[in-house]
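Q: coordinates only, sequence not included:
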């Protein structure tokens, strides 16, 4: 399992090109995995509205771009939309109250359960 993304304070996005969708780096990793018959499932990031290191306007825009790319690029074999599973529909940048651990950054036990139940297990034969 690999983890990449703008939630890390030291994260710097890979260079983008106009015609590459989101990132040639992500596409290259996916292509290498596919060449070895490894399926790639990408998950969206859970809400993160209040962390001062990762919720700057620039980082929020980056998260939104990553989510858009994950959901629309057709590069992965499947998308697991964790954000959609736990976000508050009236405040989409926040967890539903019952899914918030209290720090507004991590899901609660019920949030983890919702994410687990929201994964299509047919992806894992």
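A: That came in fine, so what should we check first? Fair warning: this is a prediction, and the values are worked out from it, not measured in the lab. Numbering: from 1, shown residues only.
Q: Identify the residues contacting the longest strand along the chain?
A: Scanning the chain for the longest strand, with DSSP state E as the assignment, gives strand 91-95. For strand 91-95, the external contacting residues (CB atoms under 8 Å, 6 or more residues apart in numbering) are 46-49, 60, 86-88, 100, 104, 107-108, 111. All C-beta atoms are positioned from the backbone trio N, CA, C, and that covers glycine.
Q: Sheet partners, orientation included, of it?
A: According to DSSP bridges, strand 91-95 forms sheet pairs with strand 87-88 (antiparallel).
Q: Single out whichever of the contacts of strand 91-95 has the smallest pLDDT.
A: Lowest pLDDT of the contacts of strand 91-95: residue 49, 79.
Q: For stretch 23-43, measure first residue to last.
A: The first and final residues of stretch 23-43 sit 16 Å from each other (CA to CA, to the nearest Å).
Q: my bad, stretch 39-46
A: Terminal-residue distance, stretch 39-46 (CA to CA): 22 Å.
Q: Stretch 31-49 too?
A: End-to-end distance (CA to CA), stretch 31-49: 32 Å.
Q: what does that stretch contact?
A: 5-7, 29-30, 54-55, 63, 66-67, 70-71, 75-84, 86-88, 92-95, 104-107, 111, 115, 123.
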